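Novice: one predicted model, sequence on top.
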Amino acid sequence: MTAGYDDARRRSTLQRAIITAVVVLIAVTALGSWIMRLYGITTPAFRIAGGIIFLGIGDRKRQRSTLIPCSKTMSTGMPAAPSLPRSAWSAGRMSPRLRLKATTPA
């Protein structure tokens with residue numbers, strides 16, 4: 001990413017990235033609970049969503065290592081390798097049709 005930069009520009013880019021990461025970390029730490037309450041997101045739902053995302057990333061990596069390259073590409077020019085079967089996607093929408101039901105212990 002910074003291969004063509006001289007040392008001064010590379011150092012400046014690194015400092016900007018570190019400052020941005022620290023500001024985001026502090027903001028999320030300070031406001032994260034409030035934002036989750038505002039949108040009604042519970043901790044178990046957040047954990048489930050994170051697990052699904054993590055599973056999707058792993059599945060996509062696994063598919064890319066085992067798939068034979070094909071001629072189908074996305075609009076970005078990258079090979080299309082969806083992590084969910086086509087039947088799980090709603091027609092004309094970009095979000096999957098998944099229904100999750102969480103239960104709380106009594």
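Specialist: Arrived safely. Numbering: from 1, shown residues only.
Novice: quick one: mean pLDDT over the longest helix seen in the chain.
Specialist: If you go by DSSP state H, the chain has its longest helix at helix 7-39. Helix 7-39 shows a mean pLDDT of 95 in the predicted model.
Novice: okay, angle between the helix or strand just after it and helix 7-39 too, please.
Specialist: Scanning forward in sequence from helix 7-39 by DSSP states H and E, the next helix or strand is helix 43-66. On the basis of axes from the mean of the first three to the mean of the last three C-alpha atoms, to 10 degrees, helix 43-66 is oriented at 130 degrees to helix 7-39.
Novice: CA atoms of helix 43-66 as CSV?
Specialist: The C-alpha trace of helix 43-66 is given here as CSV (Å, rounded to 0.1, in the frame of the first residue of the first chain):
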residue,chain,number,x,y,z
THR,A,43,-25.2,-8.7,23.7
PRO,A,44,-26.3,-12.2,22.6
ALA,A,45,-27.6,-10.9,19.3
PHE,A,46,-24.3,-9.0,18.8
ARG,A,47,-22.3,-12.2,19.5
ILE,A,48,-24.5,-14.2,17.1
ALA,A,49,-24.1,-11.7,14.3
GLY,A,50,-20.3,-11.6,14.9
GLY,A,51,-20.2,-15.4,14.8
ILE,A,52,-22.1,-15.4,11.5
ILE,A,53,-19.8,-12.8,10.0
PHE,A,54,-16.7,-14.8,11.2
LEU,A,55,-18.1,-18.0,9.8
GLY,A,56,-18.8,-16.3,6.5
ILE,A,57,-15.3,-15.0,6.2
GLY,A,58,-13.9,-18.4,7.0
ASP,A,59,-16.2,-20.1,4.5
ARG,A,60,-15.3,-17.5,1.8
LYS,A,61,-11.6,-18.2,2.4
ARG,A,62,-12.2,-21.9,2.2
GLN,A,63,-14.2,-21.6,-1.0
ARG,A,64,-11.5,-19.5,-2.7
SER,A,65,-8.8,-22.1,-1.9
THR,A,66,-10.9,-25.0,-3.3
